[in-house]
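Engineer: Turn this into a structure:
(chains A and B)
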Amino acid sequence: MSIISPRVRFAPSPTGYLHIGGLRTALFNYLFAKNQNGKIILRIEDTDRKRFIEDAVANLLKTLEWAGIYFDEGPEIGGESEPYFQSQRLEIYKMYADELINKGKAYYAFDTPERLQQLREQQQKLNQQTMYDKFALTLSEDEVERKMENGETYVVRLNVQPNETIVVDDLIRGKVEFDTNIVDDQVLIKSDGFPTYHLANVVDDHLMGITHVIRGEEWLSSTPKHVLLYEYLGWEKPVFAHLPLLLNPDKSKLSKRQGDVAVEDYMKKGYLKEALINFVALLGWNPGDEQEFFTMGELANKFSLERVHKAGAVFNIEKLNWLNAEHLRSKPNDELLLMLKDELSKSYYKDKVLADDYLLLIIEAMKPRVSFVNEFITKCTYFYTEPTEYDEHVIKKRWKEDTPEQLTKLRDNIAQLDNPVKEDFENALTKTAEELEIGKGKLIHPVRLALSGIGTGPGVYDLLFIIGKDKSIGRIDRALKIITIPKTNVSE
RNA sequence: GGCGCGUUCGUCUAGUGGCUUAGGACGCCGCCCUCUCAAGGCGGAGAUCACGGGUUCGAAUCCCGUACGCGCUACCA
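Structural biologist: Numbering: from 1, shown residues only, chains lettered A, B, ... in the order given. Model prediction:
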C-alpha cells in the first residue's frame, strides 16, 4: 500500500494572456506538487465560446514556460487523462448531466433570458438572494418531452435540495458553512450544449484524479455547488484550498487600469522570471523564517499550504524591483553578458561592435548599480558612446577656474602610460595631484565628468581603464574644449 | 440587498494565551565605508495589533457584536 501522491491542476480559461493572479495560482499548485512529490496538470477551461480567443492557449503555454512552471500532463504534453481541453470533452459532461437527471439531481429548464432577468429583478427588490425558482420542475414529463421534440432550447440545472447545510472544509480557511436554501440551481449545461465551469471542473477533477483543488478565493462562494455535485455523483471530494486574492493599491481585486496585470507586461519591462516568481510566492505565503530571497528550488522545498495566509495582498512593485536587483546581482557575469547582448541588439547601439571582454568589464562595474538588465546600457551610455553634453550641476560644483590646467597635466601624464591597467591610471592621477600639490578629488571629479558627462557611476580608475587610454585622452581634450567655466565658479 | 471571506507599521508579513517594551523585509531617514553614485555594514522613524464588549490571573492570539474592505450573487471563468 502506498500513500496516494497528490495530483493538482492549474485550470485557466484562455483569455489571451496570463494574469499575474493566475501565475500565482499556477505557482502555488506547482510548488505544492513539487513539494509533495505529486503531479501537476494543465487543463484548459475553454467552455465559453463567446470568449474564444485565437492563440490564447499558445500564449498561455509560452508564458508559463517562461516562468519556469512545467506540467506533468496537459496540452502538447499529453497524459492519461486526455484531452485536456474542456471543449473536447463535451460528451463526457453530457453523460454525467444525464446521470444527474436520472437521479433527480438535475433537470431540464426552458426559461427565456427575459423571464430569468425579471425574476432576478423581483428578488432583488424583495432583498432576497437572486436564484432560480425551480419553475421547470412544475412541468410534467409530457410537457418536457413535447418541448424537447419541438426543439425548444433548454439548459440543464442542478436540483439543489433545500434545508441542508453544506460544510466546505477549506485547508486555508477552515470549515465554511452554507445553507442550501440560498444555493442557486446552477446551470450545468448551457443551451449551446457546453457545460458551465461548475459541472466541467467537478467532472474533470474527478476523472483526472485531482486530490487538491488550489484556486483563487473568488471560487469559495461557488464551492457548495461543487460539493453538492460530488455528493450527487457519489464521488469523493478533493481537498479545497482557496488562495487569498491579489489586490490593487486601493485593495480592490487586481485589475488593469491600476497597473499591469499580464505576466507578459512584466516580461517586457525586463523583470527576471526569478524575481517575479520569488515576489509572487511571497504574496500570501511565507516560509516561517526570515528568508526573503528564494530560487524556485528553494521555494519548492519549503512550500506548504499551511503557511498560506488568509488576507488579500497588495501587489507592491517596490519590493518586486528590489528582488529583481537581488536576483540580477546573484547571476554570474557570463549569464548577464548574454542578457546584455540581447538587450544591446534591441537598442540604439545595435550596430556597434563590442567585444565580450569589454561588456564584461561594464557588467562588473555596473552590477551593484543596476536593477534591470537594460540599465547596463541606460545608466552608463558613456561606455557605448562619447558624452555629448555635461551635467550642468556637476560642472558648477566640480569644474573650477584652475581645473583646465590641472586636467591638462593629468592628460599629459596619462599620455605617457604604456598599455596601462587600472593601477597605472591610479598612480598617474596620484602623481599628478602630488606634482600639483592638490587633493586627488580636484582631479577625480572633473575627470569623471569629462569621461562620462555625469557625476555618478563606478570609480574613476575603473572608468579610465574600461574606456581606455586613447579614448580617455580624447574625451578629456573634448571636455576641455567644450566646458566653459561658469562665472560663479571663478574664485573670489 | 443576500451570502461568504477578511482586518498586525505606507506595503509584504512573523505571531496559534505569558518568551512581545509586537519581530523581519521593501520603501523612507541618518551614520559608517568612500573619488561620486550604488552595493555593503550599522542605526532610526513607522502598528494604541479595525472598533466595542466579554472569557482568563493574563489576549494581537479564544468568544460575541459592530464597522470597514473584498469576493460571489450569469446559459463568464
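Engineer: Low-confidence bits of the stretch 201-350 of chain A, can you list those?
Structural biologist: Within the stretch 201-350 of chain A, no range satisfies pLDDT under 70.
Engineer: switch the cut-off to 80
Structural biologist: A:253, A:255-259 (pLDDT under 80).
Engineer: Name the residues of it found near RNA strand B, please.
Structural biologist: Within reach of RNA strand B by C-beta under 7 Å from any atom of the strand, the stretch 201-350 of chain A has these residues: A:217-222, A:244-245, A:247, A:250-253, A:282-284, A:286, A:288, A:290, A:292, A:306-307, A:309-314, A:316, A:318-319, A:321-322, A:325-326, A:329. In this view, the C-beta of every residue, glycine as well, is placed from N, C-alpha and C.
Engineer: Just these: which are in strands?
Structural biologist: A:247, A:313-314 (DSSP state E).
Engineer: okay, now A:Glu82: neighbour count?
Structural biologist: 14 (other C-beta atoms under 10 Å).
Engineer: Assign it to helix, strand or coil.
Structural biologist: Three-state assignment for A:Glu82 (DSSP: H, G, I helix; E, B strand; the rest coil): coil.
Engineer: residue ranges of the strands in the stretch 1-150 of chain A, please?
Structural biologist: A:7-10, A:39-42, A:106-109 (DSSP state E, counting those that start in this stretch).
Engineer: Packed most tightly, which of those would that be?
Structural biologist: Each of those was scored by mean neighbour count; the highest is strand A:7-10, a mean of 26, by mean count of other C-beta atoms under 10 Å.
Engineer: hmm, back to that, relative to RNA strand B, which of the strands of the stretch 1-150 of chain A is closest?
Structural biologist: Nearest to RNA strand B among these is strand A:106-109; the distance by C-beta to the nearest atom of the strand comes to 7.7 Å.
Engineer: same for the closest one, what does it pack against?
Structural biologist: helix A:90-102, helix A:141-149, strand A:155-158 (3 or more C-beta pairs under 8 Å, 6 or more residues apart in numbering; DSSP states H and E).
Engineer: ranking those by burial, who's on top?
Structural biologist: For these, the highest mean count by mean count of other C-beta under 10 Å goes to strand A:155-158, at a mean of 24.
Engineer: partners of it in the sheet?
Structural biologist: Next to strand A:155-158 in the sheet, as set by DSSP bridges, lie strand A:106-109 (antiparallel), strand A:187-189 (antiparallel).
Engineer: and it, anywhere near RNA strand B?
Structural biologist: Yes. On the criterion C-beta under 7 Å from any atom of the strand, strand A:155-158 is in touch with RNA strand B at A:Val155.
Engineer: hang on, the earlier thing: in JSON lines: the strands of the stretch 1-150 of chain A, plus distance to RNA strand B and mean pLDDT.
Structural biologist: As requested, these are exported to JSON lines (distance: least, C-beta to the nearest atom of the strand, whole Å; pLDDT from 0 to 100):
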{"stretch": "strand A:7-10", "distance to RNA strand B": "11", "mean pLDDT": "98"}
{"stretch": "strand A:39-42", "distance to RNA strand B": "13", "mean pLDDT": "98"}
{"stretch": "strand A:106-109", "distance to RNA strand B": "8", "mean pLDDT": "98"}
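Engineer: can you list those strands in CSV and add distance to A:Ala275?
Structural biologist: Output for the strands of the stretch 1-150 of chain A, formatted as CSV (distance: least, C-beta to C-beta, whole Å):
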stretch, distance to A:Ala275
strand A:7-10, 21
strand A:39-42, 22
strand A:106-109, 47
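Engineer: looking at those, which is closest to A:Leu60?
Structural biologist: Closest to A:Leu60 of those is strand A:39-42 (C-beta to C-beta; 8.5 Å).
Engineer: Just the buried ones from the residues of the stretch 201-350 of chain A next to RNA strand B?
Structural biologist: Among those, the ones that count as buried by 16 or more other C-beta atoms under 10 Å are A:217, A:219-220, A:222, A:244-245, A:247, A:282-284, A:312-313, A:322, A:325-326.
Engineer: surely A:Ala56 meets A:Thr15?
Structural biologist: Yes. Using C-beta atoms under 8 Å, A:Ala56 is in contact with A:Thr15, at 6.3 Å.
Engineer: Those two - which one has more neighbours?
Structural biologist: Between A:Ala56 and A:Thr15, counted using other C-beta under 10 Å, A:Ala56 has the larger neighbour count: 19 against 16.
Engineer: I'd like the helices and strands packed on strand A:106-109 as TSV, with mean pLDDT appended.
Structural biologist: As requested, these are exported to TSV (pLDDT from 0 to 100):
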stretch	mean pLDDT
helix A:90-102	98
helix A:141-149	95
strand A:155-158	98
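Engineer: I'd like to know which of the ones you listed is closest to A:Gly468.
Structural biologist: helix A:90-102 (68.8 Å).
Engineer: anything in that closest one sitting right up against RNA strand B?
Structural biologist: No. If you take C-beta under 7 Å from any atom of the strand as the test, helix A:90-102 misses RNA strand B, and the best it gets is 10.7 Å.
Engineer: which other residues reach that helix?
Structural biologist: Defining contact as C-beta atoms under 8 Å, 6 or more residues apart in numbering, one finds that helix A:90-102 is touched by A:106-108, A:156, A:158-159, A:188-189, A:193-195, A:199-200, A:203, A:207, A:232-233.
Engineer: Only the buried subset of those, as a ChimeraX command please.
Structural biologist: Applying 16+ other C-beta under 10 Å to the contacts of helix A:90-102 leaves a buried subset, and the ChimeraX line that selects it is:
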select /A:106,107,108,156,158,159,188,189,194,195,199,200,203,232,233
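Engineer: that older thread, which stretch among the strands paired with strand A:155-158 comes nearest A:Lys469?
Structural biologist: Of these, nearest to A:Lys469 by C-beta to C-beta is strand A:187-189, at 77.8 Å.
Engineer: ok, the nearest residue to A:Leu31 once chain neighbours are set aside - how many residues close by?
Structural biologist: Of all residues not flanking A:Leu31 in the chain, A:Phe303 sits nearest, at 3.9 Å (C-beta to C-beta, 6 or more residues apart in numbering). By other C-beta under 10 Å, 23 other residues sit near A:Phe303.
Engineer: Quick one: residues contacting A:Phe303.
Structural biologist: A:28, A:31-32, A:34-35, A:281, A:285.
Engineer: which ones among the residues you listed are found in helices?
Structural biologist: Of the positions in the contacts of A:Phe303, A:28, A:31-32, A:34-35, A:281 sit in helices, assigned by DSSP state H.
Engineer: The helix or strand where A:Ile214 lies - contacts with which helices or strands?
Structural biologist: Assessed by DSSP states H and E, A:Ile214 sits inside strand A:212-216. When contacts are defined as 3+ C-beta pairs under 8 Å, 6+ apart, strand A:212-216 packs onto strand A:7-10, helix A:20-35, strand A:239-243.
Engineer: Need phi/psi at A:Ile483.
Structural biologist: Phi and psi for A:Ile483, reported as degrees, to the nearest 10, are phi -70, psi 120.
Engineer: so it touches A:Tyr390, yeah?
Structural biologist: Yes. When contacts are counted by C-beta under 8 Å, A:Ile483 is listed as touching A:Tyr390 (5.8 Å).
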